[in-house]
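[1] heads up, no residue letters with this:
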């Protein structure tokens with residue numbers, strides 16, 4: 001019975017082939033594209049591990065992210081069907097074991113993708129250490145994702161919570177050199193597996209040693225997931241919303257859309273706390289050593305030496321708003337697809353439904369941008385606030401529209417993978433002036449290129465000279481927005497028969 005269930009759960013996951021493809025592609029792209037940049041970033045923050053060791057850790061980070069998100073959606077999307085199976089005689093224990101066994105197979109696939117990418121990029125000298133540590137990363141986050149899926153019913157909240165834990169675990173971990181010796185960061189999930197991966201003795205693991213503590217975290221995460229999954233049997237309460245007619249329908253759609261997300265207090269807390277945490281942390285952990293940054297001065301390009309803490313703090317704003325608003329666009333459209341079709345059948349015009357949904361996405365983008373700018377103001381003041389703020393808002397709205405496009409094409413899980421990967425490659429790597437004074441040539445073809453050029457101009461020069469960057473950013477927003485409108489229009493059309 002358990003074996004049959006495992007097969008069923010894996011087939012359920014693979015109904016969207018893109019999920020399996022991304023489970024391999026994301027770690028390959030993440031490791032190949034980011035290994036060197038993350039290793040350089042760790043050096044900036046004071047990390048002492050060798051470059052090859054730090055690059056090795058990226059395989060574990062990629063596996064952890066994918067396994068955590070996959071574990072969450074693997075559980076939360078099947079809670080009702082699993083409960084019905086248990087009531088039909090399959091048994092709660094069998095259901096939980098089968099769900100976690102299938103999740104372990106997905107975690108192994110994610111870890112294999114990361115190791116393959118690492119081998120292709122740098123080679124793996126200590127295969128057993130790299131493979132064992134990567135597996136610990138994946139299993140720990142599979143347990144975290146499954147545990148969150150068992151207790152958090154809202155997919156936006158749960159996926160953001162998993163990503164929230166993963167990001168702080170990564171950037172406050174021993175590989176980054178910013179939190180290896182503090183008592184608080186020693187309790188982060190992959191603190192000890194990272195030390196095992198780096199082959200660095202912590203000195204604070206006690207009699208179990210770093211490997212023993214890593215294994216304890218691995219087993220503990222899975223046991224916690226088992227316990228919470230067994231207890232997750234409460235029924236889900238659904239609510240309906242009464243609609244009205246006439247021109248007021250657009251206003252009603254906006255009102256009820258905001259009411260739905262206003263009730264989701266955890267979402268707004270995360271949309272506020274994530275910018276506060278990430279941006280404040282970037283100023284806290286980054287030294288003020290000078291770094292070269294290319295800026296526009298009239299028709300010329302000049303390189304200025306700017307404190308690294310200011311550079312990091314400034315670039316963290318578009319990274320944060322791109323990721324969060326992209327997720328808002330993804331989930332708002334995917335979660336409301338069926339309801340929007342029913343609204344169209346009930347007499348709403350597509351443009352009225354569209355205005356309501358886009359209004360919610362725009363509000364999420366504006367809110368996240370305002371919070372990020374307010375947090376930044378405590379530690380850094382751009383030389384020109386207006387272009388700096390406009391650039392960040394353009395990044396937010398562009399990625400919000402990109403989330404609208406991606407969601408219906410690949411679904412929640414695949415969409416979350418992509419809405420992590422694309423902003424990371426675009427704003428986090430290609431446009432990130434921390435890693436290079438000027439962006440590489442391929443960065444010019446990414447959505448945030450023009451907006452980040454405007455941001456850098458506003459942050460570090462007093463005169464606005466990036467008109468081309470502004471026009472390019474607007475063109476990206478209009479272009480992706482037009483595609484998003486087309487996707488939404490098709491998605492919201494009534495389906496008969």
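    Yep, it's here. Remember, it's a predicted structure, so these values are computed and weren't measured experimentally.

[2] got a list of what residue 196 touches?
    By Cβ atoms under 8 Å, 6 or more residues apart in numbering, the contact list for residue 196 reads 129, 132-133, 136, 210-211, 214. (Glycine included, C-beta is placed from N, CA and C.)

[3] right, and residue 412 touches residue 334 too?
    Yes: under the criterion of Cβ atoms under 8 Å, residue 412 makes contact with residue 334 at 5.6 Å.

[4] now go through the contacts of residue 196 and say which are in helices.
    129, 132-133, 136, 210-211, 214 (DSSP state H).

[5] could you dump these to CSV with neighbour count?
    Below are the ones in helices among the contacts of residue 196 laid out as CSV (neighbours: other Cβ atoms under 10 Å):
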residue, neighbour count
129, 16
132, 17
133, 28
136, 27
210, 24
211, 17
214, 26
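
[6] want to throw these into CSV with pLDDT and distance to residue 64?
    Conversion of the ones in helices among the contacts of residue 196 to CSV gives the following (pLDDT from 0 to 100; distance: Cβ to Cβ, whole Å):
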residue, pLDDT, distance to residue 64
129, 84, 16
132, 88, 14
133, 88, 11
136, 91, 9
210, 87, 17
211, 90, 17
214, 90, 12
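
[7] give me the distance from stretch 218-226 to the chain's centre.
    Centroid separation for stretch 218-226 versus its chain: 23 Å, with Cα atoms, centre = their mean, to the nearest Å.

[8] that stretch: which residues count as buried?
    218, 221-222, 225-226 (16 or more other Cβ atoms under 10 Å).

[9] which of the ones in helices among the contacts of residue 196 sits closest to residue 101?
    residue 136 (17.4 Å; Cβ to Cβ).

[10] with adjacent residues omitted, what lies nearest to residue 480?
    Among residues not flanking residue 480 along the chain, residue 401 sits closest, at 4.4 Å (Cβ to Cβ, 6 or more residues apart in numbering).

[11] show me what contacts residue 162?
    68-69, 72, 141, 144-145, 148.

[12] distance between the helix or strand harbouring residue 487 and the chain's centre?
    For residue 487, the host element (DSSP states H and E) is helix 467-492. Put simply, helix 467-492 sits 22 Å off its chain's centre (Cα atoms, centre = their mean).

[13] repeat for stretch 327-338
    For stretch 327-338, the distance to the chain centre is 15 Å (Cα atoms, centre = their mean).

[14] tell me the average confidence for that stretch?
    Stretch 327-338 carries an average pLDDT of 78.

[15] can you tell me what sits against it?
    With Cβ under 8 Å, 6+ apart, stretch 327-338 has contacts from 155-156, 159-160, 257, 261, 271, 357, 360-361, 364-365, 368, 399-404, 406-408, 411-412, 415-416, 419, 484, 488, 491-492.

[16] make it 6 Å
    156, 357, 360-361, 364, 400, 403-404, 407, 412, 415, 419, 491 (Cβ atoms under 6 Å, 6 or more residues apart in numbering).

[17] ranking by neighbours, what's the top pick from those?
    residue 400 (33 neighbours; other Cβ atoms under 10 Å).

[18] now do the buried residues in the helix or strand hosting that one.
    For residue 400, the host element (DSSP H and E) is helix 385-423. Buried residues in helix 385-423, counting neighbours by 16+ other Cβ under 10 Å, are found at 387-408, 410-423.

[19] the inter-axis angle of it versus helix 467-492?
    Counting by axes from the mean of the first three to the mean of the last three Cα atoms, to 10 degrees, helix 385-423 lies at 50 degrees to helix 467-492.

[20] from the buried residues of stretch 218-226, which land in helices?
    Per DSSP H, the buried residues of stretch 218-226 map to helices at 218, 221-222, 225-226.

[21] kindly indicate which of those residues lies nearest residue 322.
    residue 221 (29.5 Å).

[22] the nearest residue to residue 136 once chain neighbours are set aside: which element?
    Among residues not flanking residue 136 along the chain, residue 193 sits closest, at 4.3 Å (Cβ to Cβ, 6+ apart). Here residue 193 sits within helix 191-198, counting by DSSP H and E.

[23] avg pLDDT for that helix?
    On average, helix 191-198 scores 86.

[24] surely residue 304 is within a strand?
    Yes: assignment of residue 304 by DSSP: H, G, I helix; E, B strand; the rest coil places it within a strand.

[25] so what's it bridging to?
    With DSSP bridges applied, residue 304 shows beta-bridge pairing to residue 293.

[26] state the number of residues packed around it.
    Other residues close to residue 304 by other Cβ under 10 Å number 14.

[27] and it, what pLDDT?
    At residue 304, pLDDT is 84.
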